[in-house]
Each structure stands twice: as structure tokens, then as C-alpha cells.
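Q: quick one: sequence and predicted model below, then my questions.
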Amino acid sequence: MFDDRFYMVAKTFQGLEEILAAEIRSLEAQDIQILNRAVRFNGDLKTLYAANYQLRTALKVLVEIGTFDARNDFDLYQGIQKIDWTRYMDPAMSMAVECVLFSDHFSHSQFIAQRTKDAVVDQFRDKLHKRPSVDRENPDLRISIHIQDTRVNVLLDSSGQSLHKRGYRPQMHLAPVNEVLAAGLLMLAGWNGKSNLVDPMCGSGTFLIEGAMIAYNIPPGTFRTAFGFEKWNNFDQDLLTDVVDQFEENSDFRHRIIGADKSGKSLLLAREGLRKTFLDKKIELVHEPIEAFVPPAGGGMVIMNPPYDERLKVENISGLYRMIGDRMKQHYQGYQSWIFSGNPDAMKAVGLHPAKKIPMLNGAIECSFRRYDLYSGSKKAKYQKPIIRKK
């Protein structure tokens, strides 16, 4: 189906490309290239399986199978027909086509998908007098067409469902942080499992679960039921088993991971996620609003995603952020606090000077990820040299 080594593209969120590239380096991949919201790299079939199973910040892993130039639908059809599709599927398999389009030469992504499907089906009819079926929801082979100006890249989606669907979230919760984004934010913040981790507005617990999976060395693909490549005609179960079996849970984590929220409904969703990931004995949940919650002594990392007033409406959004800042000042000395928000005006109300600001996107919402260092005593006193008086 593929050569011994081939090129892949892992897609991610804007702002997480460097984090994803570092993860890919750990797979011993070659020729790693950072793109916009993606990383391209070279590897073999084991690399492909490992990328899907263990990359925390990848949304999809695609395999490149062809590239050509096209200025119209005839060029597109001819280019798709030049690919030998019998290498990748047989007539008994189902297929689906998706298109990402950035070109003045083509205006409708659905038309591109339709013409691609026609070219593939016509090739099978001409060669084998049979054709694959179309299944848009759960195909055996998902073809991805990326067009930039006149350049057409043809890829196969090895992941199936987006890799943010880890398998532990029981149902959609109002305005959750995407699991891939949550893991990426934790990694951007430098979370390494060497301290306490606290989310005082934890909602359905995504930061807590992703943080615990990092701390305990649990791969993000552990609880998924399937990957797209398992339907391919070159699927190697023994190779996937080797990739899965190389991981051992880190039993040395001795700190606390704790979350609080005022919503009992959200905490029910969080507990269900903990149960599905077998982390219910390792993560603490407290039914308490942030204005009453006090973190454990000993310092560590705080991470939170307060409402932006975009999807979760808050009556006094500035007042909420001002209260968050006050709680940080009063009760979080010794902690490094990270706040992820899409409301820059409300962020000003925190009343603390950020030590770091990272621009991010959450869907179409422009966000900022900000670090606040909360010292015991004043920062000035922390770094002030002692005065030695002469006797």
C-alpha cells in the first residue's frame, strides 16, 4: 500500500505547531517540517500508528499519496485518475472525500469532493468493472484533498474520527475545551507532573484528565475504540500491539491533581470522565465555586478556562475576572497560574501583570494564554539581596 517510508502531515491548532513537532521528534521521525497548523514528517508504518496513538496535540494524521497542479476541474479529474487507487482500496470498501480549499481557481469544496469521487469510481469501473461505495459517516477510506492556489495535495486520513475524541468524554458539555487544545495548553505551560495541578473552574474536567494522563504517562489513544487505519488493507495488528505495549504507567507521581466547580452537573460529567480513564482515585473533585475554593499548600500549577461571555453568558464578566485575580493574590501564593480566555477586556480586570502572553485560537475565537507568577510575599522581596550591616 505504501513504500517503506512515506510522508505524513499531522494537523493541530494554531500556536501548538512547535509542541507537536517536539512530540513527533520523540517518534524518531525524519525530515520534520513545521507548517501552519500542521507538521509534516517522514516515517514508516510504525511511525504512523505511534503518531495516532501517542501524539497529544495532533487532531489528525494524514498520509500523502499524490500531488499535482490543477487550474480547473478537468485538471483535477486527470490528476486524481493518475493515482493508482487499487493500491489503497478495493471495490468492496467504502470511501468518503473531504476538501480544504484556498484557491481562486476553485470555488466550491463540495464540487471538488464530488469530482474526486467520480475520478476514483471511474478508475475502478474501467479496471475492475466494479466500484467502491460512498459512506460519508464511517468510510473504510477517507480521502482528503488540500488545494492551495493551483497545488493539489491528495492525502489519506489515517485517524478516522478527530484525535481529540479520546474516548472518555460521555457527552458534549457546554463550551468544553477541546482535549487536544487542553493538552497543548498544559504542555505550553510546561506541565511535567512534578507538582500539584489545580483547576478551580474545572467544568467537565478536561484539563485535569489531560494533565493526569501526562503525569501518569498514559497515551491519549489509550481509550479510543478505533483508528481509521485499522480498516485499511495493509493494517498490521501485531505492529499496533507493539506500539501500545511499549508504554508503562508512571507510578512515581506523588502530587495532587484537584479541580473545583460550582456546577454539580459539570462535576457529574467530570466524574464520568475520570471513571472511564480509571483516574477516579487519582484526581480530586470539589463541589465549590472559585470564590470559596482554596488550593492545597505546597504550590504548583493552576490552569483555568473562565467563560469568555461568548457561549457561556455571564452577567458581570469583568467582575468575575476581577474576583479571579483577587483569589489568586490572596490564596495562590507559590503557584504559577495560567488563564486561557477569549475576552481581552475581561483579562485586564484580573489586576495582575502577566509574566507571559501567548496568542491562541479556540475555534474562530481569538484567545490569549497568560501566565501569572504568584509569589509568597512580594516579588521585590523575593529577589532582594539581604542587606549586610557593618558592626
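A: Arrived safely. Note that the structure is predicted; figures quoted are calculated from it, not measured.

Q: so where is this structure shaky, pLDDT-wise?
A: Applying pLDDT under 70 to the chain picks out residues 170-176, 309-315, 376-391.

Q: just say helix, strand or coil for the residue most central in space within it.
A: When C-alpha atoms, centre = their mean is applied to the chain, the residue found nearest the centroid is V180 (1.8 Å). Secondary structure, DSSP: H, G, I helix; E, B strand; the rest coil: V180 is helix.

Q: show me what contacts F340?
A: Contacts for F340 (C-beta atoms under 8 Å, 6 or more residues apart in numbering) come out as V177, L185, I303, M304, N305, M360, N362, C367, S368, F369, R370. The C-beta positions use only the backbone N, C-alpha and C, and glycine is treated the same way.

Q: among those residues, which pair sits farthest apart?
A: Spanning the widest gap among the contacts of F340 are V177 and R370, at 15.4 Å by C-beta to C-beta.

Q: just to revisit the earlier point, the residue nearest to the centre of the chain contacts S159, doesn't it?
A: No: counting by C-beta atoms under 8 Å, V180 stays clear of S159, with 11.3 Å between them.

Q: residue ranges of the strands in the stretch 51-200 of the chain, please?
A: 60-69, 94-102, 133-134, 141-148, 151-157, 196-199 (DSSP state E, counting those that start in this stretch).

Q: any buried residues in stretch 242-258, and which?
A: Across stretch 242-258, burial judged by 16 or more other C-beta atoms under 10 Å covers V243, F253, R256, I257, I258.

Q: hang on, I meant stretch 100-115
A: L101, F106, I112, A113, R115.

Q: what sits up against that stretch?
A: Stretch 100-115 has contacts (C-beta under 8 Å, 6+ apart) with 70-73, 76-77, 80, 97-99, 144-150.

Q: one more time with 10 Å
A: Contacts to stretch 100-115, defined as C-beta atoms under 10 Å, 6 or more residues apart in numbering, come from residues 11, 69-77, 80, 96-99, 136, 143-153, 155.

Q: and I283, which of the strands of the stretch 51-200 of the chain is closest to it?
A: Comparing these by C-beta to C-beta, strand 196-199 comes nearest, at 9.0 Å.

Q: the closest one pairs with which strands, parallel or anti?
A: Counting by DSSP bridges, the strands paired with strand 196-199 are strand 257-261 (parallel), strand 300-304 (parallel).

Q: C-terminal to the last one, what's the next element?
A: Counting by DSSP states H and E, the element after strand 300-304 in chain order, helix or strand, is helix 317-331.

Q: now that next one: how far from the chain's centre is it?
A: Chain-centre distance of helix 317-331: 28 Å, with C-alpha atoms, centre = their mean, to the nearest Å.

Q: now the angle from the helix or strand that comes right after it to strand 300-304?
A: Remark: after helix 317-331, the chain's next helix or strand is strand 335-341, criterion DSSP H and E. Inter-element angle recorded for strand 335-341 and strand 300-304: 10 degrees (by axes from the mean of the first three to the mean of the last three C-alpha atoms, to 10 degrees).

Q: just the CA atoms of strand 335-341, as CSV, please.
A: Taking C-alpha atoms only, strand 335-341 is exported to CSV below (Å, rounded to 0.1, in the frame of the first residue of the first chain):
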residue,chain,number,x,y,z
TYR,A,335,1.6,28.8,42.4
GLN,A,336,2.1,29.6,38.7
SER,A,337,-1.3,30.5,37.3
TRP,A,338,-2.3,30.2,33.7
ILE,A,339,-5.5,31.6,32.4
PHE,A,340,-6.9,30.9,28.9
SER,A,341,-9.5,33.3,27.7
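
Q: okay, buried residues for it please.
A: Neighbour counts over strand 335-341 (16+ other C-beta under 10 Å) mark Y335, Q336, S337, W338, I339, F340, S341 as buried.

Q: correct me, but the last one touches R370?
A: Yes: with contacts defined as C-beta atoms under 10 Å, S341 counts as touching R370 at a distance of 7.8 Å.

Q: how about the spatially closest residue to G299 that is not a sequence neighbour, what does it touch?
A: Leaving aside its sequence neighbours, G299 sits nearest to G334 (C-beta to C-beta, 6 or more residues apart in numbering; 3.1 Å). When contacts are counted by C-beta under 10 Å, 6+ apart, G334 touches S195, N196, P295, A297, G298, G299, G300, D373, L374, Y375, S376.

Q: ok, of those, which come out buried?
A: Buried among the contacts of G334 (16+ other C-beta under 10 Å): S195, N196, P295, G299, G300, L374.

Q: what ranges do the helices span in this structure?
A: Counting by DSSP state H, residue ranges of the helices within the chain are 17-25, 45-54, 73-81, 109-128, 179-188, 206-215, 237-245, 264-276, 317-331, 344-348, 379-383.

Q: for these, which one sits closest to F229?
A: Among the helices of the chain, helix 45-54 comes nearest to F229, with 6.6 Å by C-beta to C-beta.
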